[in-house]
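>>> sharing a sequence plus its predicted fold:
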Amino acid sequence: MRGKKEEGEEVVDDGWPWLVHKGIWVSFLCIALFALLVRVAVSVHPYSGAGNPPKYGDFEAQRHWMEITTNLPIKEWYANTTLNDLSYWGLDYPPLTAYQSYVHGLLLRFFHPESVAIFTSRGQESYLGKLLMRWTVLSSDALIFFPAVWYFVVGYYASCRSGSKSEVAWHIALILVNPCLILIDHGHFQYNCISLGLTVGAIASVLSNKDLVASVLYCLALSHKQMSAYFAPAFFSYLFGKCLRRRSPLFEVVKLGLVVLGTFVVVWWPYLHSRDALIGVLSRLAPFERGIYEDYVANFWCTTSVLVKWKRLFTTQSLKLLSLSATITTFLPSMVQQIKAPSKQGFLYGLLNSAFSFYLFSFQVHEKSILLPLLPATLLAVEEPFLLKWMTLYALFSIFPLLYRDKLVLPYFTLSALFLLLYYAPSRRQAATETKPLKSYARMFFLLCALILHVVYLTVEAPHRYPFLFEALIMLLSFSQFVILVIHSNVQQWRLKPATLVDKQKKLI
């Protein structure tokens, strides 16, 4: 699918040389600076758990991990000891998150030792400590996510499609000014920009035919946040499908397998000395004891719990099997399509479909996990502009109760408006065949429902008998839209014409 030339505009025709030499890098730098300023503006607002003892929130969890990693030996980071009470925000992400916490903890200890002092720093909310914490997220974004986006743009416009300068700039802006990512990382407070940045780098490597580099980067993403596994079926099916079309399929599979194994060994090395140490870390990554869902998330289990009390009717073991079966069943068609006919466009759709399957049906999903299916939707912005717009609006809507609790209502509405301004920017080239899985009257109805629920949530107190009624309605509406979009994206993946398939690779001679 090649882009058409707009009147008076130059069209990408040979990938990165055009991007570098025709000024796209200047646009990228300007957009990146604007995106950083937006992040700074959001970061002056409250964060998760601000002034809310005894456990505060995600901000305190991240700070506490810096406290633990900078004060305890590495073998005790995941162990329950007198100095590391795992019931108080124990580490529950893979080792690369622990290493990141250690590096950031060194920064805090150098400039503000009190913010990571063992025990005494719990609940620490000094101005300098908060400023340094915000800086660690901002610098992570700038050093990892932003370069990965540039790498993606180079690979995407070199191998998948052409486009005008303005369209490329529009695409970059939508990725870097993603309102959900900004609100979660720089408002609520997390480091999704690291794992998502590594994932974007892996995707860009796939588009650039650097499969071994892609394998390393994706393994690093998995080793930073286990939720990156949402993309595993797409990576596996595309790379496996490519291997099957090579002259020596077994050799290609083994080569990729060794790279994957080697990367995990390097990252996980401190915990490979004994079975107990490894199990100790892995057990922290799978909190099955919390139940199949927590809080209010717009997925199948939480939404249908209004009618079916899953936690009461089924044991945890049964729910694990149910969720596993549902997740595999829903991402399997996408995998089959890519193994049969691997393509770079199909790979991007596969990432979206795979991540959606996990979000909708897997065990213990959080509201913030909507960032994972939203990422490939953003990367597909030029191909599927309506899908991106609709999904972003309802992804924002689905996390509205969370952001309301964090007192982030103002940046929520501001970034929602900014997203719509960017989406309808005059520089955007209108797609000639933009697909809309919803009729206009249906879109108006759902938008009206969302608007009414916003107003009701902010102004009306929920009935005493049903204190979470409004959250349940928000989840139901968001879930219904996600289901429509995932059906649409699966259909679109299977409808890819053979002529658009990348990697019709010739057998190696």
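It's in.
>>> just the helices in the stretch 401-509 of the chain please.
Ranges of helices in the stretch 401-509 of the chain, per DSSP state H, counting those that start in this stretch, are 409-423, 440-459, 469-494.
>>> which of these sits most buried?
Highest mean neighbour count of the helices of the stretch 401-509 of the chain: helix 469-494, a mean of 20 (counted as mean count of other CB atoms under 10 Å). No exception for glycine: its C-beta is placed from N, CA and C like everyone else's.
>>> report all helices and strands that it contacts.
Applying 3 or more CB pairs under 8 Å, 6 or more residues apart in numbering; DSSP states H and E, we find helix 469-494 packed against helix 300-304, helix 316-340, helix 344-361, helix 385-398, helix 400-405, helix 440-459.
>>> identify whichever of these lies nearest to residue 144.
Nearest of the helices and strands packed on helix 469-494 to residue 144, taken as CB to CB: helix 344-361 at 18.5 Å.
>>> returning to that earlier point: as JSON lines, the helices of the stretch 401-509 of the chain with mean pLDDT and distance to residue 178 would be great.
JSON lines is the format used below for the helices of the stretch 401-509 of the chain (pLDDT from 0 to 100; distance: least, CB to CB, whole Å):
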{"stretch": "helix 409-423", "mean pLDDT": "97", "distance to residue 178": "8"}
{"stretch": "helix 440-459", "mean pLDDT": "94", "distance to residue 178": "19"}
{"stretch": "helix 469-494", "mean pLDDT": "96", "distance to residue 178": "16"}
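>>> pipe these into JSON lines and attach distance to residue 152 per row.
Supplementary listing: the helices of the stretch 401-509 of the chain in JSON lines, determined by distance: least, CB to CB, whole Å:
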{"stretch": "helix 409-423", "distance to residue 152": "18"}
{"stretch": "helix 440-459", "distance to residue 152": "29"}
{"stretch": "helix 469-494", "distance to residue 152": "19"}
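>>> okay, and for this protein, where does confidence drop off?
Scanning the chain for pLDDT under 70 picks out 1-22, 427-433, 498-509.
>>> quick one, what contacts the spatially most central residue of the chain?
Centroid-nearest residue in the chain: residue 372, 3.0 Å away (criterion: CA atoms, centre = their mean). Residues in contact with residue 372, defined by CB atoms under 8 Å, 6 or more residues apart in numbering, are 196, 227, 228, 230, 231, 355, 358, 359.
>>> alpha carbons only: can I get stretch 144-152 in CSV?
These are the backbone C-alpha positions of stretch 144-152, laid out as CSV (Å, rounded to 0.1, in the frame of the first residue of the first chain):
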residue,chain,number,x,y,z
ILE,A,144,14.4,5.1,25.2
PHE,A,145,10.9,5.7,23.8
PHE,A,146,11.6,8.7,21.6
PRO,A,147,14.6,7.2,19.8
ALA,A,148,12.6,3.9,19.3
VAL,A,149,9.8,5.9,17.6
TRP,A,150,12.3,7.5,15.2
TYR,A,151,13.7,4.0,14.5
PHE,A,152,10.2,2.8,13.8
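>>> ok, back up a step: which one of the contacts of residue 372 sits closest to residue 307?
When the contacts of residue 372 are ranked by distance to residue 307 (CB to CB), residue 359 comes first, at 20.3 Å.
>>> wait, doesn't that closest one sit right on residue 370?
Yes - assessed by CB atoms under 8 Å, residue 359 is found in contact with residue 370 at 6.3 Å.
>>> returning to what we had before: can you add neighbour count and distance to residue 159 and give the contacts of residue 372 back as CSV?
Supplementary listing: the contacts of residue 372 in CSV, determined by neighbours: other CB atoms under 10 Å; distance: CB to CB, whole Å:
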residue, neighbour count, distance to residue 159
196, 27, 21
227, 24, 27
228, 23, 23
230, 27, 24
231, 25, 19
355, 30, 22
358, 24, 27
359, 27, 28
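>>> so which of these is the closest to residue 111?
Nearest to residue 111 out of the contacts of residue 372 is residue 196 (CB to CB; 27.1 Å).
>>> what sits against that closest one?
By CB under 8 Å, 6+ apart, the contact set of residue 196 is 145, 181, 221, 371, 372, 375.
>>> swap the cut-off to 10 Å and go again
141, 144-145, 148-149, 178, 181, 185, 221, 224-225, 227-228, 371-372, 374-375 (CB atoms under 10 Å, 6 or more residues apart in numbering).
>>> picking up where we left off before, among the helices of the stretch 401-509 of the chain, which is nearest residue 215?
The closest of the helices of the stretch 401-509 of the chain to residue 215 is helix 469-494. By CB to CB, the value is 22.3 Å.
>>> please enumerate the shared neighbours of residue 359 and residue 370.
Residues touching both residue 359 and residue 370 comprise 297, 298, 299, 395, 398, 482, with contact defined as CB under 10 Å, 6+ apart.
>>> so which strand or helix has the nearest residue to residue 241 once chain neighbours are set aside?
With sequence-adjacent residues excluded and distances taken as CB to CB, 6 or more residues apart in numbering, residue 241 is closest to residue 342, at 3.4 Å. For residue 342, there is no enclosing helix or strand under DSSP states H and E.
>>> residue 342: neighbour count?
Residues within reach of residue 342, counting by other CB atoms under 10 Å, total 25.
>>> give me phi/psi at it?
Dihedral pair for residue 342: phi -60, psi 130, per degrees, to the nearest 10.
>>> distance of residue 413 from residue 422?
Residue 413 is 15 Å from residue 422, where distance means CB to CB, to the nearest Å.
>>> same question for residue 442.
Separation of residue 442 from residue 422 (CB to CB): 24 Å.
>>> ditto for residue 466
Distance, residue 466 to residue 422, using CB to CB: 38 Å.
>>> how about residue 341?
From residue 341 to residue 422 the distance is 34 Å (CB to CB).
>>> can you check residue 88 too?
Distance, residue 88 to residue 422, using CB to CB: 41 Å.
>>> and residue 72, by the same measure?
Using CB to CB, we find residue 72 at a distance of 44 Å from residue 422.
>>> how far off centre is stretch 415-425?
Centroid separation for stretch 415-425 versus its chain: 20 Å, with CA atoms, centre = their mean, to the nearest Å.
>>> go on, stretch 447-466?
Its chain's C-alpha centre and that of stretch 447-466 lie 28 Å apart, by CA atoms, centre = their mean.
>>> just stretch 242-261 next, same as before
Centroid separation for stretch 242-261 versus its chain: 27 Å, with CA atoms, centre = their mean.
>>> for it, list every residue counted as buried.
Buried residues in stretch 242-261, counted by 16 or more other CB atoms under 10 Å: 242, 243, 245, 252, 256, 259, 260.
>>> list the contacts for the second one?
Just to be clear, that refers to residue 243. By CB under 10 Å, 6+ apart, the residues touching residue 243 are 211, 249, 250, 251, 252, 253, 254, 255, 256, 339, 342.
>>> ok so, going back, out of the helices and strands packed on helix 469-494, flag the one nearest residue 95.
With CB to CB, the closest approach to residue 95 among the helices and strands packed on helix 469-494 belongs to helix 344-361: 21.7 Å.
>>> just the CA trace of the following helix or strand past that closest one, in CSV.
Per DSSP H and E, the first helix or strand lying C-terminal to helix 344-361 is helix 371-379. What follows is helix 371-379 as a C-alpha-only set of coordinates in CSV (Å, rounded to 0.1, in the frame of the first residue of the first chain):
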residue,chain,number,x,y,z
LEU,A,371,-1.5,0.8,26.8
LEU,A,372,-0.4,-2.4,25.2
PRO,A,373,-3.1,-2.8,22.5
LEU,A,374,-3.1,1.0,22.1
LEU,A,375,0.6,1.0,21.0
PRO,A,376,0.2,-1.0,17.7
ALA,A,377,-3.0,0.9,17.0
THR,A,378,-1.0,4.1,17.2
LEU,A,379,1.7,2.6,14.9
